[in-house]
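Asks: Have a look; sequence and predicted model below, questions after that.
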Amino acid sequence: MPSGVDSLVLIVQPQMGSGLDTVSPAKLEAALVLALELSGRFTAVAALSRDSVVEELRSRGQEPTAIAVAQRLGCGRMLFARADRLQHLVRVEVVFRFGENFAQEQRGRGFALIRYAHRTGGTLLLDPALLEAAQRAIAVAVGDSMLYIAQAEPFCIVPAPLLVVGGLEYRDTGELRRWDWFARKVVTSYDAVLQLIDTLRRHPGYVVCDIDSRDTLFARAGLVEPENYRPPSAVELRLLRAAEVDYYVWGTVERVPEGARIRLQLARLQGDARNAWLEPVREVEGSVVEDSVALFRKRLRQLGGELLWAAP
């Protein structure tokens, strides 16, 4: 059990933002309480104790402000938080206030994917994603990437940047014999993105956005469904940067006399919502020599593994 004034934290009115307006803030508060406890450094004030102090202050004719309640309880920190959801992607932002008159501040944000749904009805199960995102946000805020490293799965969480998989640019001069899967680029490029996402999402150091959440982001900005066989557009990159995406994976598939050459690139997404660009981090290359979707998928997964697991 953590000890000391600084370890006692008052959670102040957690907010449910976009995509979560019908969800009770109690879910976010529960995630924050557990995330604080799992850190081994903090303990959240019990809701019953907090509410008791609020009533006490009111009975005395005093305004039960967050600072007044925190001081009455002997808290060293206050914690404010907000959660938002984009399709299957959850974002939690936290702000710690501490020090004299709680004037000092630490901020952090974390992402997680909703991976579970209720067996009956298919309603998304938010709780695990809220906890995971809250853990990441708290670790970032206090500047300790190892805050939860001693915990067992699934609570062994580290801060992780958000990564989006873009398309594979198909290149064909039309001079070589027609390959079926290459000609069906609308279908096979979409499938290629799915294959890469499924491979890359297993890396513990990244939060890999699913394709539905990615496309929902574009749709809300008025873009039609992305063409996964084209390189990223400037508009797409600006939208992704505005959504706090840090890394981007894309590539090319080029028809050559030997078959098809595949290049994948991991890049940092730099800039802001007005001007965004890709800064290459690592590239890998491979090929397929037969007109086979199965071989194309297998090679993509191999290259995706090489790209991320060997990246700095």
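Replies: Great, that's in hand.

Asks: now the helices for the chain?
Replies: In the chain, the helices defined using DSSP state H lie at 25-39, 47-59, 66-73, 127-142, 180-183, 185-200, 211-220, 234-242, 293-309.

Asks: so which of those helices gets nearest residue 113?
Replies: Smallest distance to residue 113 across those (CB to CB): 6.3 Å, for helix 127-142. Any C-beta I mention is one placed from the backbone N, CA and C, and that applies to glycine too.

Asks: Could you give the separation of the closest one from the chain centroid?
Replies: 10 Å (CA atoms, centre = their mean, to the nearest Å).

Asks: before we move on, the earlier item: would you format the helices of the chain as JSON lines with mean neighbour count, distance to residue 79 and mean pLDDT included?
Replies: Listed next are the helices of the chain as JSON lines, based on neighbours: other CB atoms under 10 Å; distance: least, CB to CB, whole Å; pLDDT from 0 to 100:
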{"stretch": "helix 25-39", "mean neighbour count": "20", "distance to residue 79": "6", "mean pLDDT": "97"}
{"stretch": "helix 47-59", "mean neighbour count": "13", "distance to residue 79": "12", "mean pLDDT": "92"}
{"stretch": "helix 66-73", "mean neighbour count": "18", "distance to residue 79": "10", "mean pLDDT": "94"}
{"stretch": "helix 127-142", "mean neighbour count": "24", "distance to residue 79": "8", "mean pLDDT": "98"}
{"stretch": "helix 180-183", "mean neighbour count": "17", "distance to residue 79": "52", "mean pLDDT": "92"}
{"stretch": "helix 185-200", "mean neighbour count": "19", "distance to residue 79": "32", "mean pLDDT": "96"}
{"stretch": "helix 211-220", "mean neighbour count": "17", "distance to residue 79": "27", "mean pLDDT": "93"}
{"stretch": "helix 234-242", "mean neighbour count": "18", "distance to residue 79": "26", "mean pLDDT": "95"}
{"stretch": "helix 293-309", "mean neighbour count": "18", "distance to residue 79": "33", "mean pLDDT": "95"}
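
Asks: of those helices, which approaches residue 101 most closely?
Replies: Residue 101 sits nearest to helix 66-73 of all the helices of the chain, at 7.0 Å, using CB to CB.

Asks: Turn the helices of the chain into TSV, columns for distance to residue 104.
Replies: Listed next are the helices of the chain as TSV, based on distance: least, CB to CB, whole Å:
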stretch	distance to residue 104
helix 25-39	18
helix 47-59	22
helix 66-73	13
helix 127-142	12
helix 180-183	58
helix 185-200	37
helix 211-220	34
helix 234-242	29
helix 293-309	37
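
Asks: Residue 8: which of those helices is closest?
Replies: If we rank the helices of the chain by CB to CB, the stretch that ends up nearest is helix 66-73, at 7.1 Å.

Asks: Okay, angle between the closest one and helix 47-59 too, please.
Replies: 110 degrees (axes from the mean of the first three to the mean of the last three CA atoms, to 10 degrees).

Asks: Run the chain-centre distance for helix 66-73.
Replies: 33 Å.

Asks: which outside residues touch it?
Replies: 8, 10, 12-13, 45, 49-50, 53-54, 56-57, 62, 77-78, 101-102 (CB atoms under 8 Å, 6 or more residues apart in numbering).

Asks: Equivalent analysis for stretch 281-297, please.
Replies: Counting by CB under 8 Å, 6+ apart, 179-182, 188, 191-192, 195, 247, 256, 258-268, 299, 302-303, 306-307, 310-312 sit against stretch 281-297.

Asks: rerun that using 6 Å as the cut-off
Replies: 179-181, 195, 259-268, 299, 303, 306-307, 311 (CB atoms under 6 Å, 6 or more residues apart in numbering).

Asks: hmm, back to that, which member of the contacts of helix 66-73 is positioned nearest residue 24?
Replies: Nearest to residue 24 among the contacts of helix 66-73, with distances taken as CB to CB, is residue 13, at 12.7 Å.

Asks: any idea how far the closest one lies from residue 299?
Replies: Going from residue 13 to residue 299 by CB to CB, to the nearest Å gives 51 Å.

Asks: Check residue 14 too.
Replies: To residue 299, residue 14 is 46 Å away according to CB to CB.

Asks: cool, and residue 75?
Replies: On the measure of CB to CB, residue 75 and residue 299 end up 55 Å apart.

Asks: and the residue most central in space within the chain, what does it touch?
Replies: In the chain, the centroid-proximal residue (CA atoms, centre = their mean) is residue 111; its distance is 3.0 Å. Contacts for residue 111 (CB under 6 Å, 6+ apart) come out as 91, 133, 162, 207.
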